[in-house]
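In: need coordinates for the below:
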Amino acid sequence: MAKFAKGKHALAISDRSGLAFPWREMVTEWNGQFVHYSEYERKQPQLEPKPFIADPQGLEKARPARTEFPTEDFLPNDPFTTAVADKTVSVSFENGAMQLNDIVRFRDVKSMVGGVDQPTLQVSGMVLQGDITSTDTTITLDYTSGMPSAGFIVIEKINSNGQFENEVIEYTGISGTDLTGCVRGTSAQYRGEAPRKTTATSHSSGAKVFGAYKITALTTRTENTAGMPATTTTQTGFDFELADNASSTATGGGFQCTIGPINDRG
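Out: Numbers count the residues shown, from 1 in each chain. I've put the predicted structure just below:
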C-alpha cells in the first residue's frame with residue numbers, strides 16, 4: 001500500500017477562509033473542517049452542556065443513630081464477699097465505673113457464697129404465674145424468696161420473629177408471691193445512665209423473670225504517689241444488700257461471673 005506524502009512543500013486550501021496555507025500548518029477542527037491553525041475555533045461549550053445533577057440529599061447506606069444497650073463485663077475470680085449474720089455483700093470490680101443506685105444483674109455465678117446460693121445472687125429462676133396484660137400493676141411469680149423488697153425485674157419475651165421484646169418493670173413491694181405497685185415499661189440505671197425505656201406489653205404465664213440489686217455503697221483505694229497529684233483514688237468495687245443475712249463469712253462465686261444491666265436486650 002502506498003504511503004501518503006509528508007507535504008513538506010505542499011499548500012492546502014482552508015475550509016473556512018478559502019486561503020492557501022502550508023499544508024503542515026493545517027489542523028482538523030471538531031466538526032471535521034480542515035483549517036489553518038490561526039483560524040482554529042474550539043467547540044462552543046454550550047453545544048454540549050453537562051447534565052444537571054441534583055444536590056445530594058442523603059448518605060448511601062446510612063444508619064440511624066441509636067443508643068446501644070449496656071453490655072456485660074467479666075468480674076474477677078471469686079468476686080463476692082459475705083459476712084456472717086450480715087445482709088451486705090461486697091463485690092470486687094476494680095475500675096468498674098459504677099455509680100450509687102445503679103441496678104446490677106449478676107450472671108454465671110458458679111458457687112454459693114456464705115450460704116447464699118446462685119439463684120439468690122443472680123435473682124433468677126422465677127417465672128410468671130398467670131398471664132398479665134400491659135397495664136397490670138400486680139404481678140404474681142412462682143416464688144419471691146430472696147428478692148429485694150423493692151426494685152426492678154425484667155420479663156423475658158421473644159416475639160414470633162425471634163426478636164427480644166423484654167420489659168423492665170419497677171416494683172415497690174412484695175406480698176407473698178405478688179410484686180405490688182408495679183410501674184410498667186420502664187428502665188433501670190446502669191453506670192449512672194438509664195437506657196431508653198422498654199415497652200409495656202402482655203406476657204404469658206411461664207415467662208422467665210429476672211431481678212437485680214441496687215448498689216448501696218462504692219469501695220475505693222487511695223494510694224500515695226511520687227508526683228502530682230499527691231494521691232490517687234481507685235474504685236475497687238461496691239456493696240449491695242441481700243434480702244436475708246448471709247450465714248457465714250466467705251469469699252467466692254467462681255471464675256468469669258459477669259455483671260451487667262438488668263436488661264441487655266430489646
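
In: so what are the domain limits for this protein?
Out: 11-42, 73-260 (automatic domain parsing).

In: any chance of those domains in TSV, plus mean neighbour count, distance to residue 55 and mean pLDDT?
Out: For every residue, glycine as well, the C-beta is placed using N, CA and C. TSV is the format used below for the domains of the chain (neighbours: other C-beta atoms under 10 Å; distance: least, C-beta to C-beta, whole Å; pLDDT from 0 to 100):
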stretch	mean neighbour count	distance to residue 55	mean pLDDT
domain 11-42	13	30	90
domain 73-260	16	34	94
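
In: nearest to residue 62, out of the ones you listed?
Out: domain 73-260 (20.5 Å; C-beta to C-beta).

In: could I get the domains of the chain as JSON lines with distance to residue 65?
Out: As requested, those are arranged in JSON lines below (distance: least, C-beta to C-beta, whole Å):
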{"stretch": "domain 11-42", "distance to residue 65": "50"}
{"stretch": "domain 73-260", "distance to residue 65": "12"}
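
In: among those, which is nearest residue 3?
Out: domain 11-42 (15.4 Å).

In: any idea how far that closest one is from the chain center?
Out: 71 Å (C-alpha atoms, centre = their mean, to the nearest Å).

In: now residue 219: which helix or strand?
Out: strand 213-224 (DSSP states H and E).

In: name the helices or strands packed onto that strand?
Out: strand 103-107, strand 231-241 (3 or more C-beta pairs under 8 Å, 6 or more residues apart in numbering; DSSP states H and E).

In: reformat those strands as a markdown table; add distance to residue 135.
Out: Shown next, in a markdown table, are these (distance: least, C-beta to C-beta, whole Å):
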| stretch | distance to residue 135 |
| --- | --- |
| strand 103-107 | 23 |
| strand 231-241 | 31 |
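
In: those: which one's closest to residue 182?
Out: strand 103-107 (15.3 Å).

In: so which of the helices and strands packed on strand 213-224 comes closest to residue 253?
Out: Each of the helices and strands packed on strand 213-224 has some distance to residue 253 by C-beta to C-beta; the shortest is strand 103-107, at 8.3 Å.

In: what helices and strands are in contact with the helix or strand that the closest one is followed by?
Out: Moving toward the C-terminus from strand 103-107, the next helix or strand (DSSP H and E) is helix 118-122. Helices and strands touching helix 118-122, as assessed by 3+ C-beta pairs under 8 Å, 6+ apart, comprise strand 103-107.

In: wait, which of the domains of the chain is closest to residue 2?
Out: Residue 2 lies closest, by C-beta to C-beta, to one member of these: domain 11-42, at 17.6 Å.

In: of all the domains of the chain, which one is nearest residue 56?
Out: If we rank these by C-beta to C-beta, the stretch that ends up nearest is domain 73-260, at 30.6 Å.
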